[in-house]
Every structure is written in C-alpha cells, then in structure tokens.
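>>> Pasting the sequence and the predicted model now:
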Amino acid sequence: MELHLLKSHLRVDHSFEDGLILEYQSWAEAEVKDSVSTEPLRNEDFFNTSPHFQRAVTMLVAYYFENRLGYTEKNIDNAPNTVLSAVQKLRGNYVSVGSV
C-alpha cells in the first residue's frame, strides 16, 4: 500500500509523520498476516492481491495513528470491527503456499 493512500485516509497533509505512519503500516501488515497464518513460508501473493488485506491494514494503521499507544500495548482484539471482519474473510480465503 502506498503512503499517500494511507495519508489520505488519515487526512494527513504534511510529511513530518511519514516515518511514524510507515512504522504503523509495518506493524499492521505483520499483525494481520500473523492473524491469518503463522506458517513460516506464507503465501505473500495472496496478501498482495487481496482488497481485504489492504482494508485491514488501512483500518489498523488508522487505529494505531489515532490511539498512539505503544505496539506492545496493541493487539488485534481491540481493533475496530472492520479490521476483524477483513481478517475473518482473509482466513476463510487463505491458501497455503504448499496448496498452490
């Protein structure tokens, strides 16, 4: 996902928090992927092409940005329902690398 799309969603029009937003994006991507699959070798193509993954990451980045708590204090259980809904859809559609 591109930074300008995340910033647009967050309604951020400056650049001094770009590093923070990118860090939140990294946390969100890891959290969503780990919530869908804990396999050591994941099907990255599945995540890269999924609109549900993009939605979950965007909403989780917004949650992190708006709440500004440390990563260790965050978990997906406290995330907005839109994130949990997207994760459930991803889990239902996920295909392991060995199954492809």
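That came through fine. Numbering: from 1, shown residues only.
>>> tally of neighbours for Glu66?
9 (other CB atoms under 10 Å). Where you see a C-beta, it was placed from the backbone N, CA and C, and this is true even at glycine.
>>> what's the helix or strand for Ser35?
Using DSSP states H and E, Ser35 sits within helix 18-36.
>>> Next secondary structure element downstream of that helix?
That would be, after helix 18-36 and using DSSP H and E, helix 44-48.
>>> What mean pLDDT does that next one get?
Computed over helix 44-48, the mean pLDDT rounds to 93.
>>> same thing with stretch 68-76?
Here the average pLDDT along stretch 68-76 is 59.
>>> ok, now which ones touch Leu90?
Leu90 is in contact with Val32, Ser35, Val36, Phe47, Ser50, His52, Phe53, Ala56, counting by CB atoms under 8 Å, 6 or more residues apart in numbering.
>>> any idea how far the second one lies from Val95?
Look at Ser35 and Val95: by CB to CB, to the nearest Å, they are 16 Å apart.
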